[in-house]
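> Prediction below, plus the sequence it came from.
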There are 2 protein chains.
Amino acid sequence: MAQAAPRPSSPPPPPAPAPTSGALLGTLGGVCRDRGLGELASRLLELDAWVRAELREFEHELRTVPDGARAVQRAAHHLLDLGGKHLRPMCVVLASKVGGGFGPDARQLALAVELVHTATLLHDDVVDVADARRGQATARTLWGNAASIFAGDWLLVEALRRIRGAGDLALLDRMLAIIEEMILAESLQLERRGKITGEVADYFRVCEGKTAALFRWAMLAGARAGGCAPEHAAALERFGHELGVAFQVIDDCLDFEGDFAVTGKALFADLREGKLTYPLLVALDRDPAIEGAVAALLAEDAELGAASPARCAEVAAALRGTGALAEARRLATARIAAGIAALAPLPDGPAKAALITVAEATALREK
Amino acid sequence: MAQAAPRPSSPPPPPAPAPTSGALLGTLGGVCRDRGLGELASRLLELDAWVRAELREFEHELRTVPDGARAVQRAAHHLLDLGGKHLRPMCVVLASKVGGGFGPDARQLALAVELVHTATLLHDDVVDVADARRGQATARTLWGNAASIFAGDWLLVEALRRIRGAGDLALLDRMLAIIEEMILAESLQLERRGKITGEVADYFRVCEGKTAALFRWAMLAGARAGGCAPEHAAALERFGHELGVAFQVIDDCLDFEGDFAVTGKALFADLREGKLTYPLLVALDRDPAIEGAVAALLAEDAELGAASPARCAEVAAALRGTGALAEARRLATARIAAGIAALAPLPDGPAKAALITVAEATALREK
């Protein structure tokens, strides 16, 4: 029969590792120790203990996402069950603990933000024709592109139902606005695909829409569910925004210097997918000749299926030579400092300290 | 640059025909006259006059969908601006007029149901790799698959915001449930793609989820916005369900006997896309040998790009020979009768008469 679109097959279910909410904190702790940042490492350990119960509650909520026999449901669960860093739910947890704590509504909101995030990954992997995610085959390679797209839509609907169930309609309205913002950022990224160079303003528009918006919402959601004062909620939102931008800029750096065994993503994946990344923008600004080296890598990629290790090393060295990666990490550090400064209105206490710890550790993350 | 996913290009904007809310009624009127159904034809003319003002209001609302420079927005507007039958908004109009009439909230809900419908078309055209829709190039051929998918998502979000704005949260909850139902039906359809034969139960599950669910919602939305009594709203929902099933079964028939100049869709499109249709199910049940003729058509399609006219005529004749098309139209007529019967609790009056007219005309539609 005519078979134009990918057909959902029925592969054997992949092994489902336990959710890994705590993994990020553990990894970050190790990084800190390796870098002689023992004080931050011990703060991370404290943080880990301080949010462990809430993250377990979140993981329990994650298991309430309905199962089902349909390909879209299996595709969605494939990615959900692989765990992930659960950083956005952790944002909800921490913001809620600035106020009255992580109650049943906050739990629904933490789940919702993770579902929206997962939905965007399912869609991104189709758009980027990606084969691996979290070190495993992508849902689209197992169930087809169409199932992966509808799986994303299904998770979005489930997320909106959870937010609706939590009863704070302002958060529902904000999430609808943020999903629109994410779609428009995705569109801008699509439109400028295939161009190596780009505008810094476009970069930040994509970064804020695709990444920071959801961190902002996570902070707002936690704050409102925890009953925070409006000025504290606003401060937390600002913090989420800065944290999100920093998180994305570090993500961009990992595209050039990350380790597949840690990140689960191939090196230069963003570059190959034609995504504007901050280090590349800086490098091109500092040394326009880099455009030629990048073009040569992409040409080899297109011709041979994969650029030679020598070519990859050449681009990585050229990029490092401009100091662009160091500059990107400096920018991330500055945005994190701005985020921490935004927390000034919050009362001192373990919640504020935990937010600062997460922010400082984000600049050091390697996955 | 590596270019794995389709890139949104910037084609010249296509001509934007005026919305065609009235076109369905006009076409149906012509069909009735041609078939000597003068009484139904004149009822359709009355109906046209009776809802014209409300349909104009709906069209005005349609123009309030935000414009924008992004590819997703242009892809969405490309399809929206092509008009369409606007049958679902008309359902909202008619149901609202069973109650207190088509006010501002009903207008938002009529827009929402059309946006959700348009979103599913944008997604379907990607899944089906379709090139033509409403007689024009599909959005995906102009702006790429990714932009077409995100355009659908964007319209879904816009629809949910409109429903939220209308203030009846029960309708928001129902729409979220219905979008989920549509996704699961889409998934079932995907899973059984590539199989010529199938279960009647699966067919109705897909038909009810993909088509009838939205008609049901349109009727409920109009009823609630018009302030109908709960038992009247329930009757209208039941009517919407039956109308939706009948509408889909007729749509299936048009795949075998439609005229591209009228439908804007190529003949055998559903067949080629591997979709289970009711006439084919009936035909296969009555004459299993048809499976061979269909397989030969699809093989020619795959080999030559398009099956020969002789082969197409052979399949059409074989199908007609079993009486399957007549049986499918009989089923549609029976479902319409059931829908009309469901309207019994409604008071007699122009609204009820108009609903009956729409239902009766639906069985005769040729587009």
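The structure has been received and is ready for your questions.

> Could I get the buried residue list for stretch A:103-122?
In terms of neighbour count (16 or more other C-beta atoms under 10 Å in any protein chain shown), stretch A:103-122 has its buried residues at A:105-122. No exception for glycine: its C-beta is placed from N, CA and C like everyone else's.

> ok, now which ones touch A:M175?
Contacts for A:M175 (C-beta atoms under 8 Å, 6 or more residues apart in numbering or on different chains) come out as A:112, A:116, A:159-160, A:163, A:217.

> switch to 10 Å and redo it
A:M175 makes contact with A:109, A:112-113, A:116, A:156, A:159-160, A:163-164, A:213-214, A:217, A:220-221, B:157, B:160 under the criterion C-beta atoms under 10 Å, 6 or more residues apart in numbering or on different chains.

> From the chain's centroid, how far away is the helix or strand hosting A:E181?
Counting by DSSP states H and E, the element that carries A:E181 is helix A:169-191. Chain-centre distance of helix A:169-191: 15 Å, with C-alpha atoms, centre = their mean, to the nearest Å.

> now for the helix or strand following it, which elements pack on it?
Downstream of helix A:169-191, the first helix or strand assigned by DSSP H and E is helix A:200-207. Where contact means 3 or more C-beta pairs under 10 Å, 6 or more residues apart in numbering or on different chains; DSSP states H and E, helix A:200-207 is packed against helix A:169-191, helix A:230-257, helix A:278-286.

> 6 Å instead?
Under the contact criterion of 3 or more C-beta pairs under 6 Å, 6 or more residues apart in numbering or on different chains; DSSP states H and E, helix A:200-207 touches helix A:169-191.

> Residue of the stretch 151-300 of chain A closest to chain B, please.
In the stretch 151-300 of chain A, the residue that lies nearest chain B is A:S187 (4.1 Å; C-beta to the nearest C-beta).

> show me the contacts for that residue.
The contact partners of A:S187, by C-beta atoms under 6 Å, 6 or more residues apart in numbering or on different chains, come to B:70-72, B:150.

> got the contact list for the residue lying closest to A:A221 once chain neighbours are set aside?
Nearest non-adjacent residue to A:A221, counting by C-beta to C-beta, 6 or more residues apart in numbering or on different chains: A:L109, 4.1 Å away. Contacts for A:L109 (C-beta under 6 Å, 6+ apart) come out as A:92, A:166, A:221, A:225.

> if we can go back for a sec, pLDDT (mean, whole number) over the helix holding A:E181?
Helix A:169-191 carries an average pLDDT of 95.

> Could you tell me the angle between that helix and helix A:230-257?
Following axes from the mean of the first three to the mean of the last three C-alpha atoms, to 10 degrees, one obtains 30 degrees for the angle between helix A:169-191 and helix A:230-257.

> By average pLDDT, which secondary structure element in chain A comes out worst?
helix A:260-263 (a mean of 60; mean pLDDT, DSSP states H and E).

> Give the other helices and strands that the next helix or strand after that one contacts.
Under the assignment DSSP H and E, the closest C-terminal helix or strand after helix A:260-263 is helix A:269-272. With contacts taken as 3+ C-beta pairs under 6 Å, 6+ apart, helix A:269-272 sits against no other helix or strand.

> next one: helix A:269-272 to chain centre, how far?
Relative to the chain's own centre, helix A:269-272 is displaced by 16 Å; criterion: C-alpha atoms, centre = their mean.

> CA atoms only: put it into PDB for me.
The C-alpha coordinates for helix A:269-272 follow below in PDB (Å, rounded to 0.1, in the frame of the first residue of the first chain):
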ATOM      1  CA  ALA A 269      24.000  18.600  16.800                       C
ATOM      2  CA  ASP A 270      22.700  22.200  17.000                       C
ATOM      3  CA  LEU A 271      25.200  23.200  14.400                       C
ATOM      4  CA  ARG A 272      24.100  20.500  12.000                       C
END
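
> average model confidence for that helix?
Helix A:269-272 comes out at a mean pLDDT of 78.

> So which of the contacts of A:S187 is the closest to B:L25?
Closest to B:L25 out of the contacts of A:S187 is B:V72 (32.0 Å), distances taken as C-beta to C-beta.

> any idea how far chain A is from the closest one?
The gap separating B:V72 from chain A is 4 Å, by C-beta to the nearest C-beta, to the nearest Å.
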